[in-house]
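Student: sequence plus predicted model, see below.
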Amino acid sequence: MTLLSVENLSRSYGKLRALDGVVLTVDEGARHALIGCNGAGKTTLLHLLAGTIRASGGRIHYRGKNITRLNPARRARLGIARSFQTPAVFDSLTAFDNLTVAATPHLAGAPWRLASRAAQARDRAEEQIELLGIADCAPRLAGELSHGQRRLVEIGMALVSRPRLLLLDEPAAGLTDTDMERLLEALRQLPTELAVVLVEHHQDLVTEIADTVTVLHEGQILAEGSPEEIAADPQVAEAYLGTG
Ligand code: ATP
């Protein structure tokens, strides 16, 4: 079933058309990668989906609702969560506390029922710590964690809201091989009903995780298909890899 559909989406910065008439469909539970060379418009598209920037033209429908004009907070409440290129965690809190803080706005029940909300937040934090395999990080200050561990904590912070759509901006950027293994393992454990749209340069991660790949080139869609189809596409090789 379609979760997200993007029609003719465009975004300009002054005279520069960063995104130009993009059409995209993401099904429930999909693993959808956006690839393309620097400046292709991938991050712009992710920002447009998260609502952190406004479209210059086109529409975004999510679960049948037009969300094009909704702000990021409203989209988050509808189940759209995101991570950033640089992990956005609170350094002076433990990884566990980062997760409980991130869970708090998404809890059920009246705000004054503090004990019940604290227990719910802890449950959600524990759920993600187990899912992402980061029990070793939980009691440590986020500021003392490695870049890769912080990235996993940040993904956990997005997941505590129990989203339906997770947007990941270059999750593998700057990771060591060990951290990369941990990230891959964590991504494999994500709930099957959760749809993931990820911007990624790391070819192995894309091949391992994605079921659909969209190639952006100069703000437009150049190709779309399975990772195998994309790897075999001569047009993609020419534009993206500089071979052909
Ligand atoms: P990268 O892989 O380098 O992150 P990208 O595919 O994510 O690249 P975008 O960051 O979406 O590309 O940028 C698309 C185009 O829009 C680029 O030419 C970029 O310079 C331009 N651009 C992005 N953000 C802004 C901005 N805030 N102001 C002006 N131009 C911008």
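Tutor: Thanks, I have it.

Student: going by C-alpha atoms from here, please, whenever you check contacts or count neighbours.
Tutor: OK.

Student: select the helix or strand of this structure having the lowest average pLDDT value.
Tutor: Across the helices and strands of the chain, mean pLDDT, DSSP states H and E gives its lowest value to helix 114-132, namely a mean of 87.

Student: give the next helix or strand downstream of it.
Tutor: Once the chain leaves helix 114-132, the next helix or strand it forms, by DSSP states H and E, is helix 147-159.

Student: what helix or strand is the nearest residue to residue 53 once chain neighbours are set aside on?
Tutor: Excluding its sequence neighbours, the residue lying closest to residue 53 (CA to CA, 6 or more residues apart in numbering) is residue 47, at 5.7 Å. Applying DSSP H and E as the criterion places residue 47 in helix 42-50.

Student: now do that helix, average pLDDT.
Tutor: Mean pLDDT, computed over helix 42-50, is 96.

Student: chain center to that helix, what's the gap?
Tutor: 10 Å (CA atoms, centre = their mean, to the nearest Å).

Student: now look at it and say if it contacts the ligand.
Tutor: Yes - Helix 42-50 is in contact with the ligand by CA under 6 Å from any ligand atom, via 42-44.

Student: let's have the residues you listed in JSON lines, adding neighbour count and distance to residue 190.
Tutor: Shown next, in JSON lines, are those (neighbours: other CA atoms under 10 Å; distance: CA to CA, whole Å):
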{"residue": "42", "neighbour count": "29", "distance to residue 190": "23"}
{"residue": "43", "neighbour count": "23", "distance to residue 190": "22"}
{"residue": "44", "neighbour count": "21", "distance to residue 190": "25"}
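
Student: between those residues, which is nearest residue 148?
Tutor: Distances from the residues of helix 42-50 next to the ligand to residue 148 were compared by CA to CA; the smallest belongs to residue 43, at 20.2 Å.

Student: lovely, talk soon.
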